[in-house]
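**Q** please work out how this folds:
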Amino acid sequence: MNTVNLSENLDKKQLNEYVGRRIKEERKKKKLNQKELAQKIGIQNSTLSQYEHGKSEPNQEMLFKIAQALDVNVSDLIPSDYRIEDNDLDKALKLSKDFELEDIALHKDLMEKALSLKGAERDKFFDNIKFAIEYYDRNDKV
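**A** Below is the predicted model of the structure:
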């Protein structure tokens, strides 16, 4: 497998290229051509080509379809720095065990909102959350 130096965060173009390379590698392992995989996942051959060349990025649903068609995990297609590992999920579950119902509802709303946003809108949303946390931390110390 080709690797990318992941010591620094990848920009969007590098991430798209990485995912595209991984899709292509897994497709070739399964001895499928682009047309065959595209048919399996219900897209045009040209769209798959754009994914594989990093010119376009598959959305989350498409990434799952591609992984399923290639019989791999979605995490096999993305850099390790971008994966949510099992121990991360365990940590999140342990942290949330003492949440009240209102806390869980708020957390759910935050996740749904984040998932509904794309690009700059999503970045702005997370920047606002980070600002709120930093603001609280600064004022909590006073």
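**Q** every contact and neighbour count from this point should use C-alpha atoms.
**A** Fine.
**Q** how about the helix or strand harbouring Thr47 as CSV, C-alpha atoms only?
**A** Using DSSP states H and E, Thr47 sits within helix 45-52. In CSV, the C-alpha atoms belonging to helix 45-52 read as follows (Å, rounded to 0.1, in the frame of the first residue of the first chain):
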residue,chain,number,x,y,z
ASN,A,45,-17.6,5.3,-14.4
SER,A,46,-16.4,8.9,-14.8
THR,A,47,-17.5,9.7,-11.2
LEU,A,48,-15.5,6.8,-9.8
SER,A,49,-12.5,7.9,-11.9
GLN,A,50,-12.8,11.4,-10.3
TYR,A,51,-12.8,9.8,-6.9
GLU,A,52,-9.7,7.6,-7.7
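**Q** now for the helix or strand just after it, which elements pack on it?
**A** The helix or strand immediately downstream of helix 45-52 is helix 60-70, counting by DSSP H and E. Packing partners of helix 60-70 (3 or more C-alpha pairs under 8 Å, 6 or more residues apart in numbering; DSSP states H and E): helix 12-29, helix 34-41.
**Q** in helix 60-70, what's buried?
**A** Of the residues in helix 60-70, 63-67, 70 count as buried by neighbour count, 16 or more other C-alpha atoms under 10 Å.
**Q** the host helix or strand of Asp137 packs against which elements?
**A** Secondary-structure assignment from DSSP H and E places Asp137 in helix 119-140. Secondary-structure packing of helix 119-140 (3+ C-alpha pairs under 8 Å, 6+ apart): helix 101-116.
**Q** could you figure out how far the helix it packs on is turned away from helix 60-70?
**A** Relative orientation of helix 101-116 and helix 60-70, computed by axes from the mean of the first three to the mean of the last three C-alpha atoms, to 10 degrees: 80 degrees.
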